[in-house]
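J.: A structural model of the following input is requested.
(chains A and B)
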Amino acid sequence: KQEVTQIPAALSVPEGENLVLNCSFTDSAIYNLQWFRQDPGKGLTSLLLIQSSQREQTSGRLNASLDKSSGRSTLYIAASQPGDSATYLCAAPTSGTYKYIFGTGTRLKVLA
Amino acid sequence: DVKVTQSSRYLVKRTGEKVFLECVQDMDHENMFWYRQDPGLGLRLIYFSYDVKMKEKGDIPEGYSVSREKKERFSLILESASTNQTSMYLCASGLTGYETQYFGPGTRLLVL
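T.: Okay, here's the model as predicted:
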């Protein structure tokens, strides 16, 4: 069964810093992997979906990479801003199903 | 823009009550999902539906049932609410099972 882990659980950085959030998964036979953002008390917002055939996917200041062989994905945030403060979650499907397993997230705080 | 709406943002119910949580999406998506989110446990899939009247159990279906009579609407039913069902409930939809999932704002349910 798929297990998804995100480390660290929380991260505090000064504004302007580039940062990397990590996601690891145990079942590498994944169709894709998704990254989401969640603001306190709100639903999730999709950031990036990276297909198994891709190594990277970019949207603005965000770049997600996927290494299936090592069971890792990273979310790179360039030139962080206070508005980036949120919890970031990754999700990977259990092989052969539509059931996405979510990590418990990394809570990011960008200090002005 | 995809819009997923949930019938209530906050709900307070008593133990033993039957509770209905409604979710509506406006993008003609085939797939709809119900998750619950608890601190330290992350998001866990309760049920999902891949077509009208079609449903499949997620990882934690006990104590819950679902209904999907129309494509745009997916209801989660707590047959007899218990205090351990106090949680944040999130609905999501996606064009297919492997596409980006779009989330509603969530319903925070308190069972007394």
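J.: residues of chain B that sit close to chain A?
T.: With the criterion set to Cβ under 8 Å from any Cβ of the partner chain, chain B comes near chain A through B:4, B:31, B:35, B:40-45, B:48, B:50, B:56, B:58-59, B:90, B:92, B:97-106, B:108. (Glycine included, C-beta is placed from N, CA and C.)
J.: most centrally placed residue in chain B?
T.: residue B:34 (3.0 Å; Cα atoms, centre = their mean).
J.: pLDDT weak spots in chain B?
T.: For chain B, the stretches flagged by pLDDT under 70 are B:97.
J.: longest strand anywhere in it?
T.: Longest strand in chain B, counting residues (DSSP state E): strand B:42-51.
J.: secondary structure class for the residue of chain A found nearest chain B?
T.: Nearest residue of chain A to chain B: residue A:98, at 3.1 Å (Cβ to the nearest Cβ). Classification of residue A:98 using DSSP: H, G, I helix; E, B strand; the rest coil returns coil.
J.: number of nearby residues for it?
T.: 20 (other Cβ atoms under 10 Å in any protein chain shown).
J.: same thing with the one 5 residues further on?
T.: One way to gauge burial is a neighbour count; for residue A:103, by other Cβ under 10 Å, it gives 26.
J.: isn't it right next to residue B:42, touching?
T.: Yes. Between residue A:103 and residue B:42 there is a contact at 6.4 Å, judged by Cβ atoms under 8 Å.
J.: which neighbours do those two share?
T.: residue A:89 (Cβ atoms under 8 Å, 6 or more residues apart in numbering or on different chains).
J.: correct me, but the residue nearest to the centre of chain B touches residue B:66?
T.: Yes. Using Cβ under 8 Å, residue B:34 is in contact with residue B:66, at 6.5 Å.
J.: hmm, residue A:90 is touching residue A:2, no?
T.: No. Judged on Cβ under 8 Å, residue A:90 makes no contact with residue A:2 at a distance of 11.5 Å.
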